[in-house]
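Enquirer: one predicted model, sequence on top.
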Amino acid sequence: MTNRRQFLTTSLSAALSTQVSSCATLAGGGHIDAHVHVWTPDTEKYPLATGFTKAQMKPASFTPEQLFAHCKPEGVNRIVLIQMSYYKTDNRYMLDMMAAHPGTFSGVAIIDETAADVRGRMKALKAQGVRGFRLYPQGNDVEGWLASPGITEMWKVAADESLNMCLLINPEALWPVAKMCEKNPQTPVVIDHFARLGMKGPPDRSQLDRLLHLSKYPKVTVKTSAFYALGKKQPPYLDLGPMIKECRDQFGADRLMWASDCPFQVDPGHNYHDSIALVRDRLDFLTASDKAAMLHGTAKRVFFS
Ligand SMILES: [Zn+2]
């Protein structure tokens, strides 16, 4: 039985922690954006990967300073950087920005899983602050790709080193991913942007069920993100509320992370405020503790520890 003194201590510390987190928010800090890409127009120092041209970089520049102009006024002061496709497996720009802003960024890198010493390269990137690796299926054979030696090794190392397998997938890939989670229950897995459910119209019921099914694997977390690209694709994005509610109900908010997917969230017709405001201000079913988890608690645990 909880005695009165214990009860008081617990409620006092709960009250204090609420106060602390609202103070942090009021001070213009405290939230974490779990998914942003940065790049520089300086393609001399940071050349684009083969197959990419400067004309494909849209916007032409999105540096940390440009990001801060959007996120800091909204109380976001930590960000998870996701390696940009323009640079393929050359993670230097992301790593340099992480080093230039200590404590501000975590990172999700891309490596060539077919090259030698997957384990050594993952560990070296971990030492530089990387906490996850971005994976996206090559071609239609998702099962075959997941079963390849390089990806198999990455999932093993990820379990050993507490690194996240960050999956950019379409809903069709959710089933093979579930099988992979079954085989690798210790591997932390992050599903980007609700597995892009609702990218081609309203989210499909059976596909949403497949996403929710992943909640049976405790190491799986989901990014509730990229609102500009999903459902009606129109601010204030309230049509995404029911999908967010189902994710909250099934996974619990401590396995959900809000993210903007900048710079795409700040393309014309969209803005940073409307992305964070959906979770922070506009969904009545989210409790204060749900919001704290989705806006910083989960990302802190997954990407900043
Ligand atoms: Zn993205």
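Expert: Looks like it came in fine.

Enquirer: now for the protein, the helix or strand with the poorest mean pLDDT.
Expert: Among the secondary structure pieces of the chain, namely its helices and strands, helix 4-26 has the lowest mean (mean pLDDT, DSSP states H and E), a mean of 42.

Enquirer: can you name the element that comes right after that one?
Expert: Toward the C-terminus, helix 4-26 is succeeded by strand 31-36 as the next helix or strand (DSSP states H and E).

Enquirer: show me the contacts for L238.
Expert: Counting by CB atoms under 8 Å, 6 or more residues apart in numbering, L238 makes contact with 278, 282. Where C-beta positions appear, they are placed from N, C-alpha and C, glycine not excepted.

Enquirer: report pLDDT for it.
Expert: At L238, the pLDDT value in this model is 98.

Enquirer: from A277, how far out is it?
Expert: The spacing between L238 and A277, counted by CB to CB, to the nearest Å, is 11 Å.

Enquirer: D204 too?
Expert: Here the distance between D204 and A277 works out to 27 Å (CB to CB).

Enquirer: more crowded one of those two?
Expert: A277 (16 against 13; other CB atoms under 10 Å).

Enquirer: and the more buried one, that's in a strand?
Expert: No: when DSSP: H, G, I helix; E, B strand; the rest coil is applied, A277 is found to be helix, with no strand at that position.

Enquirer: report how many residues lie close to the nearest residue to it once chain neighbours are set aside.
Expert: Once its chain neighbours are removed from consideration, A277 has its nearest residue in P236; the separation is 6.9 Å (CB to CB, 6 or more residues apart in numbering). By the measure other CB under 10 Å, the count of residues near P236 is 15.

Enquirer: how about the contacts made by P236?
Expert: Under the criterion of CB under 8 Å, 6+ apart, the contact partners of P236 comprise 274, 277-278, 282.

Enquirer: so which of these wins on neighbours?
Expert: When neighbours are counted as other CB under 10 Å, the busiest of the contacts of P236 turns out to be L278, with 21 neighbours.

Enquirer: am I right that that one is in contact with L240?
Expert: Yes: in terms of CB atoms under 8 Å, L278 counts as a neighbour of L240; the distance is 7.1 Å.

Enquirer: mind listing the shared neighbours of those two?
Expert: Taking CB under 8 Å, 6+ apart as the contact criterion, the common neighbours of L278 and L240 are F227.

Enquirer: hey, where'd the helices end up in the stretch 201-305 of the chain?
Expert: Taking DSSP state H, counting those that start in this stretch to define them, one finds helices in the stretch 201-305 of the chain at 205-213, 241-251, 272-281, 288-292, 298-303.

Enquirer: which pair of the contacts of P236 spans the longest distance?
Expert: Taking every pair in those and measuring CB to CB, the maximum separation is 9.0 Å, between D274 and R282.

Enquirer: so how far is F227 from the residue nearest to A277?
Expert: With distances taken as CB to CB, P236 is found 9 Å from F227.

Enquirer: shared neighbours, the two?
Expert: Between them, P236 and F227 share these contacting residues under CB under 8 Å, 6+ apart: 274, 278.

Enquirer: where does this protein have low pLDDT?
Expert: Using pLDDT under 70 as the threshold, the predicted model of the chain has low-confidence ranges 1-29.

Enquirer: where exactly do the strands run in it?
Expert: Along the chain, counting by DSSP state E, strands occupy 31-36, 76-82, 105-109, 130-135, 164-167, 189-191, 220-225, 256-259.

Enquirer: and those: which comes nearest V118?
Expert: Across the strands of the chain, the minimum distance to V118, taken as CB to CB, is reached by strand 130-135, at 9.7 Å.
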